[in-house]
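K.L.:
Generate a structure from the sequence data that follows.
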Amino acid sequence: MPFIRSNDIVLFYRRAGRRGAPRIAFANSLGTDVAIWDEVANALAADFDLLFYDKRGHGLSEAGPTPRGIRDHADDLTGLLDHVGWQDTMLCGLSVGGLIAMDLAVRAPARITRLVLMDTAAKIGTPDAWNARIDAVLKDGVASIGEAIMARWFSPAYRVEQPEAFSGWRRMLERTPVGYAETCKALRDADLTDAITGISAPTLVIAGGSDLSTPPSLVEETARRIPGAVFRIIEGAGHLPCIERPTDVAALVRGFSDMPTQ
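P.N.:
Now for the predicted structure:
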């Protein structure tokens, strides 16, 4: 069954790839579900054992009691890793998933063999901006901010070249349940600026060159704080390179997995 109870909530998860191969777990961005990784999974499945999940309050997972912070999200993921029997893994986190990944790498370094942080930062946004978004969502629903979020998620070219896909991803965002606002609160309150200087796992940090949610300069600033981190930009991609440039993402992840450690 692709459902488990972890940290007192029910999570949906999906396995892909080749069992027994090198492991990679993926943590999603705000307002998304496991589908955002489909093309990346297709590119990596022959050589890796892959784990995806809907974080609390997203997709098919429960929201659970509130409020909950980034540490709770990381504990959810730890419970999932325990369930599938993974004592350690390479971990790829996108946006808020990156904060979840960073928190886990700081608090449980033995469980993270390598870290991939994509379109994320140790601190994202300001309290005022997050409070305004939370108020809008609680009052009028996620759909009320859908157009503005999509403009930050995707490059202008993607909207023109892939209108059907753009529409589908907007439906995914706008159908995110109550967990969207609660995860905004977790983002508002999260600041790992000092903590990430202690990350010991080899780290790759990726930014979409056209990302308006976490601009490349912000992502690079986080990369500079992590000892030995490698920073790469995927030109032409917005906040979700796994959708816009899945082949490039898969190539970077594959290359990083083969990179010797010091």
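
K.L.:
helices or strands next to the lengthiest strand in the chain in the packing?
P.N.:
If you go by DSSP state E, the chain has its longest strand at strand 9-17. With contacts defined as 3 or more Cβ pairs under 8 Å, 6 or more residues apart in numbering; DSSP states H and E, strand 9-17 has these neighbours: strand 3-6, helix 38-44, strand 49-54, helix 70-84. For every residue, glycine as well, the C-beta is placed using N, CA and C.

K.L.:
quick one: average confidence on the last one?
P.N.:
Across helix 70-84, the average pLDDT comes to 96.

K.L.:
Starting from whichever helix or strand comes after it, tell me which strands it pairs with and how they run.
P.N.:
Downstream of helix 70-84, the first helix or strand assigned by DSSP states H and E is strand 89-94. Counting by DSSP bridges, the strands paired with strand 89-94 are strand 23-27 (parallel), strand 112-118 (parallel).

K.L.:
Adding distance to residue 146, mean pLDDT and mean neighbour count, write the ones you listed out as a markdown table.
P.N.:
What follows is those, written out as a markdown table (distance: least, Cβ to Cβ, whole Å; pLDDT from 0 to 100; neighbours: other Cβ atoms under 10 Å):
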| stretch | distance to residue 146 | mean pLDDT | mean neighbour count |
| --- | --- | --- | --- |
| strand 23-27 | 23 | 98 | 25 |
| strand 112-118 | 22 | 98 | 25 |
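
K.L.:
Adding distance to residue 219, write those strands out as TSV.
P.N.:
Below are the strands paired with strand 89-94 laid out as TSV (distance: least, Cβ to Cβ, whole Å):
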stretch	distance to residue 219
strand 23-27	16
strand 112-118	8
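
K.L.:
Below-threshold pLDDT in the stretch 151-262 of the chain: ranges please.
P.N.:
By pLDDT under 70, the weakly predicted segments of the stretch 151-262 of the chain are 261-262.

K.L.:
What segments of it are strands?
P.N.:
Shown for the stretch 151-262 of the chain, the strands assigned by DSSP state E, counting those that start in this stretch span residues 203-208, 230-234.

K.L.:
can you list contacts of the longest one?
P.N.:
Residues outside strand 203-208 that contact it (Cβ atoms under 8 Å, 6 or more residues apart in numbering) are 105, 114-119, 155, 214-216, 219-220, 222-223, 226, 228-234, 236-241, 244-245, 249, 252-253, 256.

K.L.:
In PyMOL, select just the buried ones from these.
P.N.:
This is how PyMOL selects the buried members of the contacts of strand 203-208, with burial counted by 16 or more other Cβ atoms under 10 Å:
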select buried, resi 105+114+115+116+117+118+119+155+214+215+216+219+220+222+223+226+229+230+231+232+233+234+237+238+239+240+241+244+245+249+252+253+256
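
K.L.:
Take the contacts of strand 203-208 and keep only those in helices.
P.N.:
In this view, those that belong to helices under DSSP state H are 105, 216, 219-220, 222-223, 241, 244, 249, 252-253, 256.

K.L.:
With respect to residue 69, which of these is nearest?
P.N.:
Nearest to residue 69 among the ones in helices among the contacts of strand 203-208, counting by Cβ to Cβ, is residue 105 at 16.4 Å.

K.L.:
ok, back up a step: for residue 159, find the nearest of the helices and strands packed on strand 9-17.
P.N.:
Once the helices and strands packed on strand 9-17 are compared by Cβ to Cβ, helix 38-44 is nearest, at 17.7 Å.

K.L.:
Show me which pair in the ones in helices among the contacts of strand 203-208 is furthest apart.
P.N.:
Using Cβ to Cβ for every pair in these, the one that comes out farthest apart is 105 and 244, at 25.8 Å.

K.L.:
All set now, cheers.
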